[in-house]
Every structure is written in structure tokens, then in C-alpha cells.
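# turn this into a model:
(chains A and B)
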2 protein chains.
Amino acid sequence: MTQRIQPSPPPVVAETLAEIRASIVDSRKVGKSIGFVPTMGALHAGHVSLIERARSECDTVVVSIFVNPTQFGPNEDFQRYPRPRELDLKICGDAGADIVFYPSVDVMYPVGYRTFVEVQGLSDILEGAIRPGHFRGVATVVTKLFMIVLADRAYFGQKDYQQQLLIRTMTTELNIPTAVVTCPTLRDPDGMAMSSRNAYLSPEERQRGLCLSKALNLVANQVEAGERDILKLQRQLCEQMAATTGISVDYGVIVDARTLSELTEAVPEMVALVAARVGTTRLIDNRVLRLA
Amino acid sequence: MTQRIQPSPPPVVAETLAEIRASIVDSRKVGKSIGFVPTMGALHAGHVSLIERARSECDTVVVSIFVNPTQFGPNEDFQRYPRPRELDLKICGDAGADIVFYPSVDVMYPVGYRTFVEVQGLSDILEGAIRPGHFRGVATVVTKLFMIVLADRAYFGQKDYQQQLLIRTMTTELNIPTAVVTCPTLRDPDGMAMSSRNAYLSPEERQRGLCLSKALNLVANQVEAGERDILKLQRQLCEQMAATTGISVDYGVIVDARTLSELTEAVPEMVALVAARVGTTRLIDNRVLRLA
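Numbers count the residues shown, from 1 in each chain, chains lettered A, B, ... in the order given. Below is the predicted model of the structure:
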């Protein structure tokens, strides 16, 4: 994290549409640039890195904290998803956020809500195939948040690779005037990609969960060493994870980094995407593979 | 039409996203209000009334002319829909438009386009039941146009009642910062609601098509005279149209004006909606029924 000389003042907290719009309107009027970091809270160093990046590039920094019900399936962890409000607000302030938008579900989805955004193709593969409706919920809430904040730039982590690609596609195709900026995944010293859901893991589960980043490292090293057989690499990716006790692999693929299309041969920019369950917790991770 | 003392200068015509954004950015910077009239061209006095309304309420008036392929079904009139470019541009200028956005299909839907907006419930009844996918196309193109223009106010005709309600719902629910203004249907002296599609009608077909506005008048008069039996009124609406030779009625209903829900008894604000085919041309019309 950046060393801050002076502690930042606490951020303005806006809970209603009127409050968030009022808090932004002055910045916009005087031509200040607005940076936006949409989150579901339970903030960790990965989120902090996004807020700090926004702080370094924009005049006004807005963070939203909203656990979005429409992106959770009926048997997923919407209820138990962590919501440490006071801690999250402090983290936002310390990282340099000016404004935190903290809406209730009613503010975002009033009774009778019925408008949804769908990104065909990208929504129903990989994470979307396993979590039906998930990306419709993501595309809808991000469109809404983008409309509310009308930021110049919005910051997402590469950790959710398919999500950032879907949001990037949607933003371009709907002509939303916000630039989508994807920032590197932050990792703990053991290699684990930071995620709010890591808090669910027992120490044993966490050890097992390391197999995702290890499998990604393995194929990245192989590609660096010259391996170009995609199907072989993909097989190794899955086998490496599946070899770990107590891991149930959802997928391990190497696909086109720009489209997520399946590959039969290597292309200059690929991405290895992995998803697996450890106990009741789902973990995902990814690594971009560039041919030198 | 308003009497204009001096002829307006011809509008700026923008064909690309860069052009339309550049042409609007200066107005926005100096805090001018922007009025927007999205159209499919083939402009008639109804469109002119929308442009003039925008002119009277906003500093900068933007009209878009785009025959939107995604709202036409495979057997509909996308190809034959009239596109009188030079005449339309002259009409825009005369009505006081500052800027006309005239994009190609490629500008609006680049190859591989895949993001769509759906308003559940309102999309699949009435016009939506007869024209599957129509309102998904409308919601998508209007979201895109709204994002491109970022107007303060956007103007629609009441003639397309379900469309304006769907756009109003979508705009509110997606938190798009544009106010939707619905303007009265303009009619020819014989009562026919103005529509670009009226140009398809032969003189005989046009005579027959008058049965829509006549049927709406009939039920409006009945309601004014105290009739409150919705099912009886609805029956009369359909019978009045069906009595005309060469008319094929798609629907004639009296529904809640705010939700389009079916009614079993009268409510303070209702709308009678009719749709029928004359030859190969579909006509729609409506009338809001208010209990005194």
C-alpha cells in the first residue's frame, strides 16, 4: 500500500440515489474527473489497490459497497456473505475514497423491479454455466451503478477475469461513457488470490485451495518454456488441481483472452481460467498467458 | 406548428460516435440543457411536435434518425421502412434541431454485438406478444442512444403507448439520468394517428384504418357518459374495429395505464390500446381514459 503522510478525512457515506447524486454533482460541475470502484464490501488489500489506483488517477474517488442479490443463485451465499460495514468504511477512507455509496437492496431494486442487462455468449459459459443468472445480475447492477456515478474511469480486479471482460464488453456495447480499467490480481504471500470468500476457508481448506494458483503457475511456466500444446496444458491444469484431496474442480481451461473462445492452438494472448470447490466454498483464479 | 420568425440554420449531422460526442460535449461543458428526440426518421408532424417541444424546453436539441434493425422481426418491414434522408434533415432543421445523429447500423451494432436490455413483463404482452423481440430491440437501442447523448430530457409520442411506458420504466430502473417526456399523439383531421407507416396505406386502406380511432372515441365517450363495465367496453372496442371490412384485429384492450395490467373493474387511470392490420400494414393507436 501507498504510504500516506496524512490520514484522509472519513468518506461521505451516501445511502440514497439523491444523496449519491448530490455528493457527485459538484465534482462534475467543476470538471473534476471521477474514479469509481464498485465492490460488494468485505474489503481486502485487492480492493484497496483498486481504490488507491483510482485515487492516483482521478480527482474524486467513489466506492460502492453493495452485496447484489441478483448475482447470487438461490443456493449461493447471499445471506452469509460478510458485511463488515464499519471496517469497510474505514478501509475506504484510509485508501483515499471521497464518497462511499452504500445503498440498501430497496434503493437498487424497488418492488416490481424488472429491467435486466444481458451479454449473450459471455454470460452462459464457464462461471455463467455453473452460476445461471449470475452475469445477468452483474451486468444489471454494474449498468445501474455506472448510470448513478457516471464516472470517467471504473476499476475492476483481474481476479474475476470473465466478469471484467463481460463488463468491458457491456460498457462498450451500451456506449456507457466510462472507461473500464482492469487491475492486477493481488495475492497473499502463499500465492492465493485475494478474495472476500477466502474468509470462509478453514486452515486446511486454505492449504488445499492453493492448488489453483499452483496449477496456474505450472502451465505459465510450461508456456514460458515453449510448450504450445493447448490441450496438453489444459489437461495438466485440471490434473494438478484434481490431485489435491478435497478439491472438486469445476473447470480448468485455456481460452482466448479477448473472447474466452475455446482454442485448438496457441494464440498470442490466452488466459488460463480455473474454478474449484473446497468444502462449500468456491474459488476462482486466472493467469494471462502471453506468447513471447 | 410554431410560427418561426427566422429559418433555423441547418443542423449539424453526426454519423459516428466520435462526431456526436464532440458535437454535444461543448453544450454540456457550459451547462446547457440537452433535449433529445430519438426517431426512426420518415418524420411527420408528430415528430415535429416532439422536436419543437424539446426546442422550447432545452438549450440544445439533438434528434437521432436510426431505423433500428433489432426491433424488427424477420418478417417485418425493416427493408422497406422509408428512409428519406434529405427531407428528414430539412424537417429537423426547420423544427429547430441543432444536431442530428444519423448513425449506420455498423456504428450502433458492430460485428459480434451481444449486449441487450430486457424489461420483463412489459416486453412480452400486447405489442410484445405479437412482435417477439421487438421491445428488447427498443430497450437496447434506446439505452444506447441515451448513453451516447446523455440528455436532460428525451421526448416520445404517446402514440406508441407501450413503448413509452417501457422506456420510462427502463430509464428509471437502470438509473439513467434522463427524464422521459411523453407528448400527445398528433392526428390528421380525419382522426388517424400520425405514423410513418401510414405511408404504406392505399386510400381505401386508410379509410378502413380510421376504425381504430373511431373505436377509441366510442369507448372514450361511453366512459365519459358513465359506463364502468370494462369487459363490455373492451368488447365494444373490438367489435367496432372488427365490423370494418378488411380489418384484422390483433387486440383491443382496456388496461391499467401505469402497468398495462388487465382490469376487472374500472380504475382512475386506464388506457385503451388497439392494434389491427389493414392489408400488410399494422396500425396501433390508444386513448387514455380518466375517470372524472
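# quick one: low-confidence parts of the stretch 1-150 of chain A?
Applying pLDDT under 70 to the stretch 1-150 of chain A picks out residues A:1-8.
# please, which helix or strand holds A:Thr182?
According to DSSP states H and E, A:Thr182 maps onto strand A:179-183.
# what sits up against the very next helix or strand once past that strand?
With elements assigned by DSSP H and E, the helix or strand that comes after strand A:179-183 is helix A:203-224. Outside helix A:203-224, the residues that touch it by CB atoms under 8 Å, 6 or more residues apart in numbering or on different chains are A:187, A:190-193, A:198, A:201, A:233, A:236-238, A:240-241, A:243-247, A:252, A:254, A:266, A:272, A:274, A:276, A:278-279, A:281, A:283-287, A:289, A:291-292. Where C-beta positions appear, they are placed from N, C-alpha and C, glycine not excepted.
# can we see that at 6 Å?
Helix A:203-224 is contacted from outside by A:190-192, A:233, A:237, A:240-241, A:244, A:246-247, A:272, A:274, A:278-279, A:283, A:285, A:287, A:289, using CB atoms under 6 Å, 6 or more residues apart in numbering or on different chains.
# tell me which helix or strand comes right after that helix.
Downstream of helix A:203-224 (by DSSP H and E), the next one is helix A:230-242.
# now for that following helix, which elements pack on it?
helix A:203-224, strand A:247-256 (3 or more CB pairs under 6 Å, 6 or more residues apart in numbering or on different chains; DSSP states H and E).
# output the ones you listed in CSV; the columns should cover distance to A:Ala54 and mean neighbour count.
CSV is the format used below for the helices and strands packed on helix A:230-242 (distance: least, CB to CB, whole Å; neighbours: other CB atoms under 10 Å in any protein chain shown):
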stretch, distance to A:Ala54, mean neighbour count
helix A:203-224, 26, 19
strand A:247-256, 29, 19
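# mind putting the ones you listed into CSV with mean pLDDT and distance to B:Thr70?
Converted to CSV, the helices and strands packed on helix A:230-242 look like this (pLDDT from 0 to 100; distance: least, CB to CB, whole Å):
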stretch, mean pLDDT, distance to B:Thr70
helix A:203-224, 97, 39
strand A:247-256, 97, 26
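# as a markdown table, these with distance to A:Glu57 would be great.
Below are these laid out as a markdown table (distance: least, CB to CB, whole Å):
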| stretch | distance to A:Glu57 |
| --- | --- |
| helix A:203-224 | 28 |
| strand A:247-256 | 29 |
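# ok, and for the strand holding A:Thr182, which residues are buried?
The neighbour-count check on strand A:179-183 (16 or more other CB atoms under 10 Å in any protein chain shown) flags A:180-183 as buried.
# now swap in stretch A:21-41 and tell me
Quick answer for stretch A:21-41 (16+ other CB under 10 Å): A:21, A:23-24, A:27-28, A:34-41.
# who in the stretch 1-150 of chain A is up against chain B?
A:113-121, A:143-144, A:147-148 (CB under 6 Å from any CB of the partner chain).
# returning to that earlier point: which of the buried residues of strand A:179-183 sits closest to chain B?
Nearest to chain B among the buried residues of strand A:179-183, counting by CB to the nearest CB, is A:Val180 at 13.3 Å.
# what about the strands in the stretch 51-200 of chain A?
A:60-65, A:99-101, A:115-119, A:153-157, A:179-183 (DSSP state E, counting those that start in this stretch).
# what pairs with the fourth one, and is each one parallel or antiparallel?
Paired strands of strand A:153-157, with direction, are strand A:34-39 (parallel), strand A:179-183 (parallel) (DSSP bridges).
# now do the first one
Using DSSP bridges, the strands paired with strand A:60-65 are strand A:34-39 (parallel), strand A:99-101 (parallel).
# output the buried residues of strand A:179-183 in CSV, with pLDDT and distance to B:Leu216 appended to each entry.
Conversion of those to CSV gives the following (pLDDT from 0 to 100; distance: CB to CB, whole Å):
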residue, pLDDT, distance to B:Leu216
A:Val180, 98, 48
A:Val181, 98, 53
A:Thr182, 98, 54
A:Cys183, 98, 57
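# where exactly do the helices run in the stretch 51-200 of chain A?
A:85-95, A:105-108, A:127-130, A:134-149, A:161-173 (DSSP state H, counting those that start in this stretch).
# restricting to C-alpha, output the first one in PDB.
Right, helix A:85-95. The C-alpha coordinates for helix A:85-95 follow below in PDB (Å, rounded to 0.1, in the frame of the first residue of the first chain):
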ATOM      1  CA  ARG A  85     -19.800  -2.100   7.400                       C
ATOM      2  CA  GLU A  86     -17.700   0.000   9.800                       C
ATOM      3  CA  LEU A  87     -14.500  -1.700   8.900                       C
ATOM      4  CA  ASP A  88     -15.200  -1.400   5.200                       C
ATOM      5  CA  LEU A  89     -15.900   2.400   5.600                       C
ATOM      6  CA  LYS A  90     -12.600   2.800   7.500                       C
ATOM      7  CA  ILE A  91     -10.700   0.900   4.800                       C
ATOM      8  CA  CYS A  92     -12.300   3.100   2.100                       C
ATOM      9  CA  GLY A  93     -11.300   6.300   4.000                       C
ATOM     10  CA  ASP A  94      -7.800   5.100   4.600                       C
ATOM     11  CA  ALA A  95      -7.400   4.100   0.900                       C
END
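# which strands or helices does that helix pack on?
Against helix A:85-95 (3+ CB pairs under 6 Å, 6+ apart) you get helix A:45-57.
# and the contacts of the helix it packs on?
So helix A:45-57 is contacted by A:2, A:35, A:37, A:39, A:61, A:63, A:95-97, A:155, A:157, A:183, A:186, A:194 (CB under 6 Å, 6+ apart).
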